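Enquirer: heads up, no residue letters with this:
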DNA sequence: AACACGACCTGGTAGC
DNA sequence: TGCTACCAGGTCGTGT
């Protein structure tokens, strides 16, 4: 479910709601280290940031809570001690009369959460490629990395060490917008095509962040409220919106890849 | 080094 | 209806 745009939407909502709040109790059923129960209570949430697909909640005392939603995770605030989903995995109760709590919900329980030191956050940061919507992500840097790789373009885009935050859906959509075949070895693309790919990464993600944030108003919303129009993902055998050719599905790295054989070369 | 594949989990759905 | 098989937006470890 969550790639960069969805994680960004989750972060923005959470930031509005919880920065400044104090955690009074933590319960971990699955998906997180038990250390969270010991280390989180008593700390104030100082920030909520996104790095790639990671959510980093800065806590007072120099720690950070690192949450990765993986395939089916979601993170949101409930109030009034109201019912939490059966698949809630982590509860962070917040101080105050409204009895609010941050919930990590994940039916598949694949999400992961850890308490990190400053040094560990730095290591996490170093292990990820540049943020595609930041100034760190330049055309030169992208082209240099791409030229040194023989990976199929799709797999390169999904590699978090190359660019942070792109997953299976947006890799497919980016390649469609750049009109590049997903199996093309990225290092053999002409400079003009690499430039087109770079531009497509930035524009697709920028558009998706915008529309996803508008659509995402609460728990589970982005699961159904997909307002970013997907041109190829999930559209096997349907006609291409540009040329009318039938969208194809292949498997790369064990994941489905959708593309238009007419538009993408 | 680069790739394929299984493991981690649960739930939804297409097809028989 | 009820079963089975496959599929799912991610990442890691292992093996070739």
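Expert: Received, thanks. These numbers were taken from a predicted model, which means no experiment stands behind them.
Enquirer: run through who's touching stretch A:191-198.
Expert: A:139, A:142-143, A:146-147, A:153, A:174-175, A:178-180, A:186, A:189 (Cβ atoms under 8 Å, 6 or more residues apart in numbering). Heads up, the C-betas are built off the backbone N, CA and C, glycines and all.
Enquirer: ok, of the residues you listed, which one's closest to residue A:109?
Expert: Using Cβ to Cβ, residue A:174 is the member of the contacts of stretch A:191-198 that sits closest to residue A:109, with 29.6 Å.
Enquirer: near DNA strand B at all, whichever strand or helix holds that closest one?
Expert: Element membership for residue A:174 (DSSP states H and E) is helix A:168-178. No. Helix A:168-178 lies apart from DNA strand B when judged by Cβ under 7 Å from any atom of the strand; the minimum separation is 12.4 Å.
Enquirer: against residue A:80, how distant is residue A:98?
Expert: Applying Cβ to Cβ, to the nearest Å, the value for residue A:98 to residue A:80 is 7 Å.
Enquirer: same question for residue A:253.
Expert: Looking at residue A:253 against residue A:80, where the rule is Cβ to Cβ, the gap reads 44 Å.
Enquirer: about what we covered before: pLDDT and neighbour count added to the contacts of stretch A:191-198, as CSV?
Expert: Formatted as CSV, the entries for the contacts of stretch A:191-198 read as follows, by pLDDT from 0 to 100; neighbours: other Cβ atoms under 10 Å:
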residue, pLDDT, neighbour count
A:139, 96, 14
A:142, 96, 21
A:143, 95, 17
A:146, 95, 24
A:147, 93, 14
A:153, 96, 28
A:174, 97, 27
A:175, 97, 28
A:178, 97, 23
A:179, 97, 17
A:180, 97, 24
A:186, 96, 24
A:189, 95, 20
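Enquirer: which pair of the residues you listed spans the longest distance?
Expert: Spanning the widest gap among the contacts of stretch A:191-198 are A:147 and A:179, at 19.4 Å by Cβ to Cβ.
Enquirer: contacts for stretch A:70-82 next, please.
Expert: Applying Cβ under 8 Å, 6+ apart, the external contacts of stretch A:70-82 come out as A:1-2, A:10, A:13-14, A:17-18, A:31, A:55, A:67, A:69, A:84, A:94, A:98-108, A:110-112, A:218-220, A:223.
Enquirer: in strands, which of those residues fall?
Expert: Here DSSP state E is the test, and the contacts of stretch A:70-82 give A:55, A:67, A:94, A:101, A:102, A:103, A:104, A:105, A:112 as lying in strands.
Enquirer: surely the first one touches residue A:7?
Expert: Yes. Counting by Cβ atoms under 8 Å, residue A:55 touches residue A:7, with 6.3 Å between them.
Enquirer: show me the common contact partners of the two, please.
Expert: residue A:69.
Enquirer: how close does the residue of chain A most remote from its centre sit to residue A:80?
Expert: Farthest-out residue of chain A from its mean C-alpha position, per Cα atoms, centre = their mean: residue A:97, at 32.5 Å. When Cβ to Cβ is applied, the distance between residue A:97 and residue A:80 equals 10 Å.
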